[in-house]
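J.: missing the sequence, but the structure's below:
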Ligand SMILES: O=C(O)CCC(=O)C(=O)O
Ligand SMILES: [Fe+2]
């Protein structure tokens, strides 16, 4: 694990009189994170079930770090795609062209594809966006004078923009984990990139992800699903997601009150998710989490993709955050699952010697997929039907 000491100091300096408190908080959080005991390689027992110690740690803390999941070759492919994608981003929120004047990667998208921010800003905190779940605005440090006016923070609908991310989406061990946690008929959620470039990357204010099931009679710790967070460049106390362990079990949290009790946005008891490149986190969507603006020297890009229990989405009226609110019936879920079929085929093509994941619902419905240009076209705007709960 790379030491983030230099970045911690540089980051703290952005906080003026709070600098010593920030430095202390980041260092202590990092230390605590390593002591939790919720990281290690993916491991299944002889019956193919996820090891009990992993399930227990995931349930106890609400997140677990699978080490060394994405190998170097696969990471290189993702990095290449991210670089080329980044170079074809629009020049700003209102623009349809990239920096060379060519149509931007999302010029034809109807769905929302990029969430922008001012550099080191917190675009969601304290707003009504995303159902007001980001209750408090984080401190927004002043970026250097040569920072761009706006920076991308989130890219949505990743699978239509990157073949490498599409293939990672079908990683057989990760899908096996999804099956262990959410059942063989697990359903998709959404896919996104979180982009935090050094010196400019914006904050994602403290929040819990779920919006639909907090008052359900069937409320339980897994009802809003989970996200996989694959780390391309690693993640640190400075640029990574912070979580408050165990909060996925307690229901909806009054974040303003917690911040008041902690005396600042640096919540007592929170820890950063610290990862090497290639590590993949499983993070319960109910866990209280967020990330500070990236005032350090290392970039973070998270390849995010989530899964639900089928019972959490079937017949449920969507939360309206990632897609227009509508009741998710069998047909919508089946349509929204097709990208997984293409992803499995795309992965088979690239890694013919790997045992592919067999998704039970495709087997039952006799559905088969071919990954080609026709299929690629069907992915355009597929995220209009994200199963947002
Ligand atoms: O990556 C981040 O900074 C935030 C991630 C997040 O909020 C999520 O995955 O739900
Ligand atoms: Fe989140």
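T.: Looks like it came in fine. Keep in mind that this is a model prediction, so the values were computed, not measured. Numbering: from 1, shown residues only. Ligands and ions are numbered 1, 2, ... in the order given.

J.: grab the nearest non-local neighbour of residue 317.
T.: Ranked by CB to CB, 6 or more residues apart in numbering and with sequence neighbours excluded, the top spatial neighbour of residue 317 is residue 327, at 5.1 Å. All C-beta spots, glycine's among them, are computed from the backbone N, C-alpha and C.

J.: in space, what's closest to the residue most central in space within the chain - neighbours in sequence excluded?
T.: For the chain, the residue nearest the mean C-alpha position is residue 304 (3.3 Å; CA atoms, centre = their mean). Nearest residue to residue 304, sequence neighbours excluded (CB to CB, 6+ apart): residue 192, at 4.6 Å.

J.: show the contacting residues for residue 67.
T.: For residue 67, the contacting residues are 39-41, 276, 278-279, by CB atoms under 8 Å, 6 or more residues apart in numbering.

J.: for the residue in the stretch 51-200 of the chain that ligand 1 sits nearest to, phi and psi?
T.: With CB to the nearest ligand atom, the shortest gap between the stretch 51-200 of the chain and ligand 1 falls at residue 194, namely 3.3 Å. Phi and psi for residue 194, reported as degrees, to the nearest 10, are phi -110, psi 120.

J.: distance check, it against residue 291.
T.: Going from residue 194 to residue 291 by CB to CB, to the nearest Å gives 8 Å.

J.: what's the overlap in contacts for the two?
T.: Common neighbours of residue 194 and residue 291 (criterion: CB under 8 Å, 6+ apart): residue 204.

J.: neighbour count winner among the two?
T.: residue 291 (27 against 22; other CB atoms under 10 Å).

J.: so the more buried one touches residue 242, yeah?
T.: Yes. If you go by CB atoms under 8 Å, residue 291 and residue 242 touch, sitting 6.5 Å apart.

J.: quick check: which element contains residue 154?
T.: Assessed by DSSP states H and E, residue 154 sits inside strand 151-156.

J.: and after that strand, which helix or strand comes next?
T.: helix 163-169.

J.: without its sequence neighbours, what residue ends up closest to residue 39?
T.: Spatial nearest neighbour of residue 39, excluding adjacent residues (CB to CB, 6+ apart): residue 65 at 3.8 Å.

J.: sec struct for that neighbour, please.
T.: Look at residue 65: counting by DSSP: H, G, I helix; E, B strand; the rest coil, its state is strand.

J.: near ligand 1, which residues of the stretch 51-200 of the chain show up?
T.: Where the stretch 51-200 of the chain comes near ligand 1, counting by CB under 6 Å from any ligand atom, the residues are residue 194.

J.: for residue 260, give its distance to residue 136.
T.: Residue 260 sits 10 Å away from residue 136, going by CB to CB.

J.: those two: which is more packed in?
T.: The neighbour comparison of residue 260 against residue 136 (other CB under 10 Å) goes to residue 136, with 17 against 11.

J.: nothing else from me, thank you.
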